[in-house]
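Asker: predicted structure and sequence below. I'll ask about it afterward.
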Amino acid sequence: MAVFKITTLKTFSYRGAAEEYSNTYYLDGTLPADDAAWTALALVLKNSEKLCLPSTVTWTHWYGYSDPTANADKSGVWTSSNTGTLSTTGGVIGPGDSAVWVRWDTGELSSSGKKVYLRKYFHPAVFTTGAPDTILSAQATALLAHGSTMTDGTSLAGSRIICRPNGHHGGTAAASTYVTTRTLKRRGKRPTS
């Protein structure tokens with residue numbers, strides 16, 4: 001087995017302009033054999049992520065890295081069926097820097113004795129109407145399903161599992177219950193006064 005990585009890029013409107021962000025996945029398993037196999041893997045990831053986000057998010061392109069320490073050697077652009085499909089019924093789409101996450105316990109401990117997680121953040125969060133700190137249950141369910149896709153060993157267009165760059169696999173997925181924030185490029189510096 002080999003460790004390789006793939007990155008999906010997404011855009012949405014933030015502070016009046018298009019904001020791009022990405023998620024990079026290190027995977028342990030059989031390296032995609034050709035361009036078609038890379039495209040199939042990217043499509044599986046996009047389709048899994050789409051379930052977690054509203055239609056305000058658009059998937060634009062992806063990059064594949066046969067050698068995770070080198071530059072991308074594969075890439076593709078999505079031009080159709082590339083917006084989020086999460087139903088926001090019963091919820092409110094949060095601001096762009098609101099975020100939700102899915103994480104996997106690696107079974108490792110840091111040098112300070114804390115658990116080491118693989119974690120992926122997604123923008124924007126969808127708040128539950130009337131409970132603005134809580135993410136919509138449909139989004140939490142979709143995040144858990146995405147997390148399971150990454151570890152079941154069969155869904156990723158072959159026997160591939162999410163891992164850390166060192167090859168240590170992620171375990172059972174967990175999803176955020178509460179909305180958090182992640183800094184985006186367009187957020188800007190704080191004023192000095």
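Answerer: Looks like it came in fine.

Asker: looking at this structure, which helix is longest?
Answerer: Secondary structure assigned by DSSP state H gives helix 35-50 as the longest helix of the chain.

Asker: quick check: mean pLDDT of that helix?
Answerer: Averaged across helix 35-50, pLDDT comes to 96.

Asker: how far does the helix or strand just after it sit from the chain's center?
Answerer: Next in sequence after helix 35-50, counting helices and strands by DSSP states H and E, comes strand 58-65. When distances are taken as C-alpha atoms, centre = their mean, to the nearest Å, strand 58-65 is centred 12 Å away from the chain's centroid.

Asker: thinking again about what came up before, give the buried residues for the longest helix of the chain.
Answerer: Of all the residues in helix 35-50, those buried under the rule 16 or more other C-beta atoms under 10 Å are 37-39, 41-46, 48-50. Any C-beta I mention is one placed from the backbone N, CA and C, and that applies to glycine too.

Asker: tell me who's in contact with the residue nearest to S148 when sequence neighbours are not counted.
Answerer: Spatial nearest neighbour of S148, excluding adjacent residues (C-beta to C-beta, 6 or more residues apart in numbering): A173 at 5.7 Å. Counting by C-beta atoms under 8 Å, 6 or more residues apart in numbering, A173 makes contact with 102-104, 143-144, 146-148, 150-151.

Asker: need those residues in CSV with pLDDT and neighbour count, can you?
Answerer: Shown next, in CSV, are the contacts of A173 (pLDDT from 0 to 100; neighbours: other C-beta atoms under 10 Å):
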residue, pLDDT, neighbour count
V102, 97, 27
R103, 96, 20
W104, 96, 24
L143, 97, 26
L144, 96, 16
H146, 96, 23
G147, 95, 25
S148, 94, 15
M150, 95, 24
T151, 92, 19
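
Asker: so T39 sits right up against W78, yeah?
Answerer: No - T39 is beyond contact range of W78, at 10.0 Å (criterion: C-beta atoms under 8 Å).

Asker: please report how far P132 lies from K114.
Answerer: To K114, P132 is 29 Å away according to C-beta to C-beta, to the nearest Å.

Asker: what about these two, which has more around it?
Answerer: P132 (14 against 9; other C-beta atoms under 10 Å).
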